[in-house]
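Enquirer: Structure for the following, please:
(chains A, B, C and D, ligands or ions: 6)
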Amino acid sequence: MPMNVEQARKVFERVTEAIISHKEYLTELDSAIGDADHGINMSRGFTKAQEKIKAGAYTEVGGVFKDVAMTLMGSVGGASGPLYGTLFMRMSMKFGTKQEVDSADFVEAFEEGLKGILALGKAQLEDKTMVDALTPALEAMKAAASNGEDLPAVLEKGIASAEEGMKRTIPLVAKKGRASYLGERSAGHQDPGATSTFLILSAMLEGLRE
Amino acid sequence: MPMNVEQARKVFERVTEAIISHKEYLTELDSAIGDADHGINMSRGFTKAQEKIKAGAYTEVGGVFKDVAMTLMGSVGGASGPLYGTLFMRMSMKFGTKQEVDSADFVEAFEEGLKGILALGKAQLEDKTMVDALTPALEAMKAAASNGEDLPAVLEKGIASAEEGMKRTIPLVAKKGRASYLGERSAGHQDPGATSTFLILSAMLEGLRE
Amino acid sequence: MKKLMNKVDDIVVESLAGLEAAHCDLVKLHPSIKAVLRADAPNCKVAVISGGGSGHEPLHGGFVGFGMLDAACPGEVFTSPTPDQMYEAAKAVQGGKGVLFIVKNYTGDVMNFQMAADMLAGEGIPVAQVVIDDDVAVQDSLYTAGRRGVGGTVLAEKIVGAMAELGASLDEVKAVCEKVNANVRTMGMALTSCAVPAAGKPTFDLPEDEMEIGIGIHGEPGRKRMKMMSAKEIVEMMAGAIVNDLPFSEGDEVVAFVNGMGGTPLIELYLLYNDLVKFLDAKKIRIARKLVGNYITSLEMQGFSITLLKLDSQLKALWDYPVHTPALRWGK
Amino acid sequence: MKKLMNKVDDIVVESLAGLEAAHCDLVKLHPSIKAVLRADAPNCKVAVISGGGSGHEPLHGGFVGFGMLDAACPGEVFTSPTPDQMYEAAKAVQGGKGVLFIVKNYTGDVMNFQMAADMLAGEGIPVAQVVIDDDVAVQDSLYTAGRRGVGGTVLAEKIVGAMAELGASLDEVKAVCEKVNANVRTMGMALTSCAVPAAGKPTFDLPEDEMEIGIGIHGEPGRKRMKMMSAKEIVEMMAGAIVNDLPFSEGDEVVAFVNGMGGTPLIELYLLYNDLVKFLDAKKIRIARKLVGNYITSLEMQGFSITLLKLDSQLKALWDYPVHTPALRWGK
Ligand SMILES: Nc1ncnc2c1ncn2[C@@H]1O[C@H](COP(=O)(O)OP(=O)(O)O)[C@@H](O)[C@H]1O
Ligand SMILES: Nc1ncnc2c1ncn2[C@@H]1O[C@H](COP(=O)(O)OP(=O)(O)O)[C@@H](O)[C@H]1O
Ligand SMILES: [Mg+2]
Ligand SMILES: [Mg+2]
Ligand SMILES: [Mg+2]
Ligand SMILES: [Mg+2]
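Expert: Ligands and ions are numbered 1, 2, ... in the order given. Reported below is the predicted structural model:
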């Protein structure tokens, strides 16, 4: 089961809902080790992105991803805006003119997206950032896709690994982002960006399955 | 039993102790309808006055009262500084060169002092100020003194009337001083200045009785 | 209550020492009493002197300098200064053309300044006094203490200071001060109480959803307590009371002064100013000059006040006259 | 959490509207994006542009004007602005001599400014960037996000703005900015948390007897929590860390900058300045210039920061150069 334009729209509809309904939760996490705005930033961005793609007419999946990316970059601000913007922008570029993307396309694009995030943010694994959820998610999805599993099944694997990665951020001492200023005090708290990554992937699957 | 220089010194020692030990209480009262400083102001002033008269050598009762007055005027600030300063200054002037003052002298001087307060502050009875304690105290002391009672007995009457006057300030709506800005909201609170008047008179009697 | 301080009794003197150290080009402390003096005083002009309790910084010490005050006499926190301070400060800065006391209308201030004026008059130094009472939150009446002196004091000190700088006589300087007082109105509100350092705790408690309207500048409770409202509604209520009081009318030119109480961030003050502009626009009252910031405060209290001063060409020119003090500076 | 506001999402734009209304002689808002532009831009000089999250007022919008910034790009509260803001602002104010971005070192700011720089470079507009990272509370390391940009930013904007006003080239302006950054160090602390308006409650809780040391300007917790101490002890601890870091040594001339976090009253800031003077006197470090007040804030947070900048004759002259902005003004 590949993802077409309509499904891509659904996917971001669910992502937007998930982000909005976890706005307080993400902000709470960011209060502990950041500046208490991650949920606010992400909600603002996805609300705008949602308006944009709802009104847009698309023939390619990449078009939906591109509008999401542009809107996030132009409205989220902070660290997460450029990072998630880059993820979806790179994905959109990789999707090219495809009207449908299958699991292999998706994983390939996701890998490109993650590369973009790494190039921009220069975080390494265990720096306690979204990268700690994105990287294991990519690995798991890659394995599943190369086994020929379809997109929902691939995403399911990715979500499970993202969740583990997200939880593994708890004991880490942050090396990148605002939490790094806390030094040792950042340990014992779950990273907000890793959490939003998990939420986004989960909501994507939900949207796909409808 | 008249009051001599040594007793006057004792009197103000007790007054200072009483004011210091009621510092929080007076400030508390002033929080409700003023600016939360009456106890602080009075403690600062009497602590200084106490130092001054402890170090001073006096041959006249008026000398003690004058130094107290000058110190209060120069260190209390606020409304209460000039008012109590005037009370004791006028009393000292009335005492003149007396080495001892009896109950008649005291009451005469107190009347002069109260006149000074009225001239300076322009408060009337029931304006919810120290005048509401001072005025009945004077009336009671006048009556007692004209019956030939001695100073402790006279003060005792004054204290009882001051206490009643102080309590009668509770329901009043303030017309003078900071509490007047509260309008109707000033009702239901006891006036800090009337309270310090009652405390001062009570402590004076204690000092006299030693 | 947490304060950045050393000994509670030393707050005022240590803060004054910091003011002098930071602005020794503009101000110097009196050698023996608590007073901030203009560094280049005495001048052969009318000496303009104000003072009052501390805790309202930058008022008054921050307004000592060219084109504003010649001396400021700070009392303890929220407590009027004592007569010896005004007496000594006046002697130190007056240059023979007389002294004007600008007094905020509080019983303590009025009495203490009066005593100092008597002392100076006794020595043949000409003294005039103007009592500022611009607070519309307080009902005026012959039988009460009258209105408080609040935000209008800042505007009066600026304008009167310019008049004195220009060499006007004591009578003229006094007349301008009275004119400002006659044409200025203020109203304040608070979201939180402040804590008097020596008292050690907030003067009053205010629930999470309530505000005090008609507050003064001493952490004293306001005239009434209300449920929180939007900035726009608060501004309309307060500015409405001010406009009706003088009254200010269509076509009037004003100084619009949005003042923070010490703990209100600038982002909110400018937002409030924006609502005030809209309110006055609708009433066709023209903002000819403005002031936005923390100028007459109540320690760390959150809240603000609005002051409007009706201008004529004289007051406008005096407002624009150069001023150079620690807290207010332009044209120099 | 009580705020003087209307709709929480409109705080930034309404406050900007107020800033523009109050200072239309100095600044104007960009017609389509959130940016404060110098009223008389473009000029034929290097355009100096900064920006960052809102909630730090007067930084940066209050520093737009003669001798300081040409544009400021405010994000949402505590959130970096987006690249289109810096891109459009630069296009609006640049006059052909290039653009310098002064960026505070936060991941979000750095990435968003970088994207804007790429966009401008793509159009052939010369852009340089300097990232300010003066916070000694944060351990520096190649492997972390590095130090934060805090109080030093204010001093950099003042000095760099003067350099640009004097007609220096982009390279020269950038070099001065780097020199300021290399010679400036800051440390902050807080007594209370602030509350991000959209979050609706304080970012952290701080017990009545504790303080956060090494705080940033976003309500983020500091490096450690300590029991309250006296102002003198706090100043010695913070200034000591600053002096050891650069290091500043005997005979150095500095700008001493005591900055309030938004909710700290001026009486305390001057008291702290007094303790700082004593500390530096003992170390024979000479305060050649000073700044005391609320210039880079964290909403209504109570606390303060100390910044020291080592001066040479160039920096001193640039510091003294006239400046005329809503929040900083002298010599004009
Ligand atoms: N250099 C980086 N690389 C990857 N992710 C990062 C980096 N810096 C921060 N992040 C992520 O961004 C999240 C914070 O986002 P947000 O709160 O929206 O931005 P800000 O920190 O600017 O307030 C962090 O939880 C972290 O996951
Ligand atoms: N006009 C007045 N006449 C007499 N007493 C007054 C007057 N105004 C105020 N007081 C008294 O002064 C008291 C307040 O003193 P205090 O708190 O020390 O001064 P302040 O009001 O200046 O802070 C009031 O409780 C009242 O009793
Ligand atoms: Mg954040
Ligand atoms: Mg009082
Ligand atoms: Mg008082
Ligand atoms: Mg942020």
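Enquirer: State the distance from C:Ile267 to chain D.
Expert: Taking C-beta to the nearest C-beta, to the nearest Å as the measure, C:Ile267 falls 5 Å from chain D. C-betas here are computed from N, CA, C, even on glycine.
Enquirer: same for whatever helix or strand C:Ala89 lives in, what does it pack against?
Expert: Using DSSP states H and E, the element containing C:Ala89 is helix C:83-93. Under the contact criterion of 3 or more C-beta pairs under 8 Å, 6 or more residues apart in numbering or on different chains; DSSP states H and E, helix C:83-93 touches helix B:61-75, strand C:36-38, strand C:47-54, strand C:71-77, helix C:107-122.
Enquirer: So which of the ones you listed is nearest ligand 3?
Expert: strand C:71-77 (38.0 Å; C-beta to the ion).
Enquirer: Count the residues that sit near the closest residue to C:Met238 other than its chain neighbours.
Expert: Spatial nearest neighbour of C:Met238, chain neighbours left out: C:Met187 (4.4 Å); criterion: C-beta to C-beta, 6 or more residues apart in numbering or on different chains. When neighbours are defined as other C-beta atoms under 10 Å in any protein chain shown, C:Met187 has 28 of them.
Enquirer: Also the one 4 residues further on?
Expert: Other residues near C:Leu191 number 25, with proximity taken as other C-beta under 10 Å.
Enquirer: Report the separation between it and D:Ala327.
Expert: Counting by C-beta to C-beta, to the nearest Å, the separation of C:Leu191 from D:Ala327 is 23 Å.
Enquirer: just C:Ala195 next, same as before
Expert: For C:Ala195, the distance to D:Ala327 (C-beta to C-beta) stands at 28 Å.
Enquirer: Also A:Ile53?
Expert: Distance, A:Ile53 to D:Ala327, by C-beta to C-beta: 41 Å.
Enquirer: what's the answer for A:Arg185, then?
Expert: From A:Arg185 to D:Ala327 the distance is 33 Å (C-beta to C-beta).
Enquirer: got it, and A:Ala119?
Expert: Per C-beta to C-beta, A:Ala119 is found 38 Å from D:Ala327.
Enquirer: When A:Arg185 and D:Ala327 are compared, which one has more neighbours?
Expert: D:Ala327 (23 against 18).
Enquirer: ok, now which ones touch that one?
Expert: Counting by C-beta atoms under 8 Å, 6 or more residues apart in numbering or on different chains, D:Ala327 touches D:Pro58, D:Gly62, D:Phe63, D:Tyr295.
Enquirer: who touches C:Lys34 in this structure?
Expert: Applying C-beta under 8 Å, 6+ apart, the residues near C:Lys34 are C:Val12, C:Val13, C:Leu16, C:Cys73, C:Pro74, C:Gly75, C:Pro81, C:Gln85.
Enquirer: So which of those residues wins on neighbours?
Expert: C:Cys73 (32 neighbours).
Enquirer: just to revisit the earlier point, of all the helices and strands packed on helix C:83-93, which one comes closest to chain D?
Expert: Nearest to chain D, of all the helices and strands packed on helix C:83-93, is strand C:47-54, at 6.3 Å by C-beta to the nearest C-beta.
Enquirer: Tell me where chain A has helices.
Expert: With helices called from DSSP state H, chain A shows them at A:5-21, A:23-33, A:38-55, A:61-75, A:80-95, A:103-121, A:131-146, A:151-168, A:192-209.
Enquirer: got the buried residues for the last one?
Expert: Okay, so that is helix A:192-209. Using 16 or more other C-beta atoms under 10 Å in any protein chain shown as the test for burial, helix A:192-209 gives A:192-208.
Enquirer: ok so, going back, want to throw the helices and strands packed on helix C:83-93 into JSON lines with mean pLDDT?
Expert: Output for the helices and strands packed on helix C:83-93, formatted as JSON lines (pLDDT from 0 to 100):
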{"stretch": "helix B:61-75", "mean pLDDT": "96"}
{"stretch": "strand C:36-38", "mean pLDDT": "98"}
{"stretch": "strand C:47-54", "mean pLDDT": "98"}
{"stretch": "strand C:71-77", "mean pLDDT": "97"}
{"stretch": "helix C:107-122", "mean pLDDT": "93"}
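Enquirer: quick revisit: export the contacts of C:Lys34 to a markdown table and tack on distance to D:Ala92?
Expert: A markdown table is the format used below for the contacts of C:Lys34 (distance: C-beta to C-beta, whole Å):
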| residue | distance to D:Ala92 |
| --- | --- |
| C:Val12 | 48 |
| C:Val13 | 50 |
| C:Leu16 | 45 |
| C:Cys73 | 49 |
| C:Pro74 | 46 |
| C:Gly75 | 50 |
| C:Pro81 | 51 |
| C:Gln85 | 53 |
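Enquirer: Dead centre of chain A: give me the residue that sits there.
Expert: A centroid search over chain A (C-alpha atoms, centre = their mean) returns A:Thr197, at 4.2 Å, as the residue closest to the centre.
Enquirer: need the contact list for that one.
Expert: A:Met130, A:Ala133, A:Leu134, A:Ala137, A:Ala162, A:Met166.
Enquirer: coming back round to it: which of the buried residues of helix A:192-209 are close to ligand 6?
Expert: Applying C-beta under 5 Å from the ion to the buried residues of helix A:192-209, one finds that nothing falls near ligand 6.
Enquirer: Quick check: which of the helices of chain A is nearest to C:Pro265?
Expert: Closest of these to C:Pro265 is helix A:38-55, at 18.0 Å (criterion: C-beta to C-beta).
Enquirer: which non-adjacent residue is nearest the residue of chain A most remote from its centre?
Expert: Computed with C-alpha atoms, centre = their mean, the residue of chain A farthest from its C-alpha average is A:Glu184, at 26.6 Å. Nearest residue to A:Glu184, sequence neighbours excluded (C-beta to C-beta, 6+ apart): A:Val173, at 5.9 Å.
Enquirer: could you check the distance from the one you found over to ligand 3?
Expert: Applying C-beta to the ion, to the nearest Å, the value for A:Val173 to ligand 3 is 18 Å.
Enquirer: close enough to count as contact, that residue and A:Ser186?
Expert: Yes. Taking contacts as C-beta atoms under 8 Å, A:Val173 lies within contact range of A:Ser186: 5.6 Å.
Enquirer: shared neighbours, the two?
Expert: Residues touching both A:Val173 and A:Ser186 (C-beta under 8 Å, 6+ apart) are A:Lys128.
Enquirer: Run a quick neighbour tally on the residue of chain A found nearest ligand 4.
Expert: Per C-beta to the ion, A:Ala36 is where chain A lies closest to ligand 4, at 39.3 Å. Neighbours of A:Ala36 under the rule other C-beta under 10 Å: 31.
Enquirer: residues touching it, list them.
Expert: A:Thr27, A:Asp30, D:Phe78, D:Val196, D:Ala199, D:Thr203, D:Gly219.
Enquirer: can you do 6 Å?
Expert: Contact analysis of A:Ala36 by C-beta atoms under 6 Å, 6 or more residues apart in numbering or on different chains lists A:Thr27, A:Asp30, D:Val196, D:Ala199, D:Thr203.
Enquirer: Report the separation between it and D:Ala198.
Expert: Look at A:Ala36 and D:Ala198: by C-beta to C-beta, they are 9 Å apart.
Enquirer: Just to check, C:Asp109 is in contact with C:Met115?
Expert: No. In this structure C:Asp109 lies outside contact range of C:Met115 using C-beta atoms under 6 Å: 11.0 Å.
Enquirer: Which of the two has more residues huddled nearby?
Expert: Of the pair C:Asp109 and C:Met115, C:Asp109 is the one with more neighbours under other C-beta under 10 Å, namely 28 against 21.
Enquirer: Go through the contacts of C:Lys34 and name the one nearest C:Cys24.
Expert: Nearest to C:Cys24 among those, counting by C-beta to C-beta, is C:Leu16 at 12.3 Å.
Enquirer: show me what contacts the closest one?
Expert: Neighbouring residues of C:Leu16 by C-beta under 6 Å, 6+ apart: C:Leu29.
Enquirer: let's see it at 7 Å
Expert: Going by C-beta atoms under 7 Å, 6 or more residues apart in numbering or on different chains, C:Leu16 touches C:Leu29, C:Lys34, C:Val36, C:Gly61, C:Pro74.
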